[in-house]
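S.K.: my questions concern the predicted model and sequence given below.
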Amino acid sequence: MGKINNKKATLLFDSGAEVSILDATFARKVGCHIDESQTLECEGVGRSPYKIEGCTRLMITLAGSLVYFFDAWVRPLEVKI
């Protein structure tokens, strides 16, 4: 358990991932500002190409007081990865 932008959330980090991708619905729910000026082209399951909606910076709080800032790409609502 931790917090994202001061809202409780269950967190799972993959430090070996090439990029971090966040669901747009969740990003909006926790109040993330999505910078749509930056885009990224990706391939989903079955090699279906799609464009990332933008990027955001998350404020992650662990153990009540350890705060980290984490950059993530935001995927469109309709994309299944």
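M.R.: In hand now; what should we look at?

S.K.: residue boundaries of the strands in the chain?
M.R.: 2-4, 7-9, 21-23, 41-43, 49-51, 54-62, 66-75 (DSSP state E).

S.K.: of all those, which one is nearest Cys32?
M.R.: Nearest to Cys32, of all the strands of the chain, is strand 54-62, at 4.2 Å by CB to CB. In this view, the C-beta of every residue, glycine as well, is placed from N, C-alpha and C.

S.K.: tell me the mean pLDDT over the closest one?
M.R.: Here strand 54-62 scores 93 as its mean pLDDT.

S.K.: same check, this time on stretch 23-32
M.R.: Mean per-residue pLDDT for stretch 23-32: 90.

S.K.: and that stretch, how far from the chain's centre?
M.R.: 8 Å (CA atoms, centre = their mean, to the nearest Å).

S.K.: who's in contact with it?
M.R.: 4-5, 7, 9, 22, 34, 53, 56-58, 74-77 (CB atoms under 8 Å, 6 or more residues apart in numbering).

S.K.: how does it look with 6 Å?
M.R.: 4-5, 7, 53, 56, 74, 76-77 (CB atoms under 6 Å, 6 or more residues apart in numbering).

S.K.: which one of the residues you listed sits closest to Gly46?
M.R.: Pro76 (16.3 Å).

S.K.: could I get the contacting residues of that closest one?
M.R.: When contacts are counted by CB under 6 Å, 6+ apart, Pro76 touches 24, 53.

S.K.: and Ser20, how many neighbours?
M.R.: Ser20: 14 surrounding residues under other CB atoms under 10 Å.

S.K.: how close does it get to Leu40?
M.R.: According to CB to CB, to the nearest Å, Ser20 and Leu40 sit 11 Å apart.

S.K.: residues in contact with the residue positioned nearest the centre of the chain?
M.R.: Computing the C-alpha centroid of the chain and ranking residues by CA atoms, centre = their mean puts Leu22 first, at 2.6 Å. With contact set as CB under 6 Å, 6+ apart, Leu22 has these partners: 72, 74.

S.K.: likewise for Phe69?
M.R.: Taking CB under 6 Å, 6+ apart, one finds 57, 59 in contact with Phe69.
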